[in-house]
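Undergrad: Kindly generate the corresponding structure for this input.
(chains A and B, ligands or ions: 2)
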Amino acid sequence: MSDVVVQLTELRKSFGANEVLRGINLEVKRGEVVCIIGPSGSGKSTLLRCVNMLETPTSGTVAVGGIELTDPDCDLDAARTSLGMVFQQFNLFPHMTAMENVTVALRKVLKRSRSEAELIAGEQLARVGLSEKALSYPAQLSGGQQQRVAIARALAMGPSVMLFDEATSALDPELVGDVLAVMRSLAEEGMTMLVVTHEMGFARNVADRVIFMDEGVIMEQGKPADVLGNPSVDRTKKFLASVLGTH
Amino acid sequence: MSLSKRQRANLLRYFVYAATLIALALLIFIVDWSKLSNAMFKWRIIKEQFPDILTKAARNTLIFTFFGFIGGLGLGLILALMRLSKVRPYRWFAATYIEVLRGIPLLVTLLILGFGVPIATGWTWPNMYVQGAAPLALVAAAYIAETIRAGIEAVPRGQMEAARSLGMSYSRAMITVIIPQAFRIILPPLTNEFVLLIKDTSLISVLGVTEGTRDLAQFGRDGVGKFANATPLVVAGLVYLILTLPLTQLVAYMERKAKRVRR
Ligand SMILES: Nc1ncnc2c1ncn2[C@@H]1O[C@H](COP(=O)(O)OP(=O)(O)O)[C@@H](O)[C@H]1O
Ligand SMILES: [Mg+2]
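TA: Ligands and ions are numbered 1, 2, ... in the order given. Modelled structure (predicted):
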């Protein structure tokens, strides 16, 4: 059993004539937290969506836990159960309670019994601090609470990797902290995480590795202190200056 | 002396009120009310309509409507899914079906399926209810399919993506995540579809319904023949209203509520 959980090889993705990913090579090790930063439109979301094949790469391979998802014979539905995805817009199912949101895939995909599923869901809702909201519908929850339910929903499937696509970008500033705290504790528990974020503080303090992406390529990567504190590429410097304000 | 825009609008409004009042007054004087009520609201005949108009005619209308709607809903859902399918022949079939059945008057479709097909094939309809409700369902399906498709397309894309990312197959995601939300969205237009269907059942009688399968409209017409008086038709019209008004009011209520939620 290899230590590499996610492996992307020469990954390319085009939308029509627009090549959005231009040869990405990336390995994520078990327990590693990798933050991806970069300007808007640089292909971060597309990269994350290729990892669980919500977008089909134009060429190159995606392997998760040794299974090649880009293999046409791969059972994607089964493979996706080991990939938890958290979206910018939460995407909770509005016609289901928080509890139902977390149990639905356990029951319909993993074929757990209702009581088993509710036990797991209860644990995960407690983990994100929302036990008392189990019977609330998404519309009755704040953005931060919705996003934490979405995280619990992904965690309940027992994924080997969690993918976060700007999980806090749609939140009011005062609600960002709760979600980041949950993500941080996940990282501390050893979850493998691929995190697209604009939260430089999170990247600096939690990430094992920071990747700077621009125009569909990985421009620079390394320890957070190096990439964020002492970038070697001009583009990175410019981006950081624009995000953090000038020093 | 020139009038402002507002003054001119007010003047026009008063003029319309006055004209309406004059028209009503003329109506009251010109129409022979005793003759009219004799021909259309004859109490003795009204009483004779009951209880059969409810226990038989309205019941038949509702049976035709109900089976037409259930059939239309099931087939409409399948057509909507075909219309959204990645498989091109499915899309073509669904699009053609929808265009053809919406483009032909219901009366003509009823006659073709009710009379034409049996004549052409030698096959006969098992009974009047099926003969009437099946063409109704086939036509309703075309309209309902478009309604359902609009509903499915109104569900945000992220819902399907979230469902798929949890390992659900396309069809599983459709069944548990997308379609339930779509139906919530289209409940008002779907109810309108039901109201239209109630009224459309009045055409089924062109197929020559029997005494036992007479719908409201036919019951009214038979009454006209029997009593040489229009009262039975007026009563039938009122019974239609009793069936449709609560539903149209329900639609209005649902739409007001949806508007409030969206704000
Ligand atoms: N489904 C799509 N169809 C066409 N173009 C797309 C699609 N998704 C993303 N793109 C394009 O790909 C580029 C990268 O987008 P994205 O991966 O969302 O960037 P980021 O997440 O870094 O802001 C953008 O130019 C965007 O317009
Ligand atoms: Mg993005």
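
Undergrad: Now do the buried residues in the longest helix along chain A.
TA: Longest helix in chain A, counting residues (DSSP state H): helix A:173-188. Applying a neighbour-count criterion of 16 or more other CB atoms under 10 Å in any protein chain shown, the buried positions in helix A:173-188 are A:175-176, A:178-180, A:182-183, A:186-187. C-beta: built from backbone N, CA, C; applies to glycine.

Undergrad: Which other helices and strands does it contact?
TA: For helix A:173-188, the packing partners by 3 or more CB pairs under 8 Å, 6 or more residues apart in numbering or on different chains; DSSP states H and E come out as helix A:143-156, strand A:192-196, helix A:200-206.

Undergrad: Tell me which of those approaches chain B most closely.
TA: Closest to chain B of the helices and strands packed on helix A:173-188 is helix A:143-156 (CB to the nearest CB; 7.1 Å).

Undergrad: when you scan that closest one, is anything in it near chain B?
TA: Yes: counting by CB under 8 Å from any CB of the partner chain, contacts between helix A:143-156 and chain B involve A:150, A:153-154.

Undergrad: which parts of that helix are buried?
TA: By neighbour count on 16+ other CB under 10 Å, the buried set for helix A:143-156 is A:143-156.

Undergrad: Format the helices and strands packed on helix A:173-188 as a markdown table; extra columns: mean pLDDT and distance to residue B:99.
TA: Shown next, in a markdown table, are the helices and strands packed on helix A:173-188 (pLDDT from 0 to 100; distance: least, CB to CB, whole Å):
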| stretch | mean pLDDT | distance to residue B:99 |
| --- | --- | --- |
| helix A:143-156 | 98 | 41 |
| strand A:192-196 | 98 | 44 |
| helix A:200-206 | 95 | 54 |
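
Undergrad: Using JSON lines, please lay out the ones you listed together with distance to ligand 1.
TA: Listed next are those as JSON lines, based on distance: least, CB to the nearest ligand atom, whole Å:
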{"stretch": "helix A:143-156", "distance to ligand 1": "17"}
{"stretch": "strand A:192-196", "distance to ligand 1": "7"}
{"stretch": "helix A:200-206", "distance to ligand 1": "15"}
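
Undergrad: Can you give me the end-to-end span of stretch A:28-38?
TA: Distance across stretch A:28-38, first residue to last, is 18 Å (CA to CA, to the nearest Å).

Undergrad: Can you give the distance of it from its chain's centre?
TA: 10 Å (CA atoms, centre = their mean, to the nearest Å).

Undergrad: List the buried residues in that stretch.
TA: A:28, A:30, A:32-38.

Undergrad: Near chain B, list only the ones from those residues.
TA: Among these, no residue lies close to chain B (CB under 8 Å from any CB).

Undergrad: now, which of those lie within strands?
TA: A:28, A:33-37 (DSSP state E).

Undergrad: got those residues as a markdown table, with distance to ligand 1 and pLDDT columns?
TA: Rendered in a markdown table, the data for those read as follows (distance: CB to the nearest ligand atom, whole Å; pLDDT from 0 to 100):
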| residue | distance to ligand 1 | pLDDT |
| --- | --- | --- |
| A:28 | 18 | 97 |
| A:33 | 19 | 98 |
| A:34 | 15 | 98 |
| A:35 | 13 | 98 |
| A:36 | 8 | 98 |
| A:37 | 10 | 96 |
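
Undergrad: Taking these, tell me the two that lie furthest apart.
TA: The largest distance within these, taken as CB to CB, falls between A:28 and A:37 and amounts to 15.6 Å.

Undergrad: any idea how far residue B:66 is from the residue of the stretch 1-150 of chain B found nearest chain A?
TA: At 12.8 Å from chain A, residue B:86 is the closest residue in the stretch 1-150 of chain B, using CB to the nearest CB. Residue B:86 sits 34 Å away from residue B:66, taking CB to CB, to the nearest Å as the criterion.
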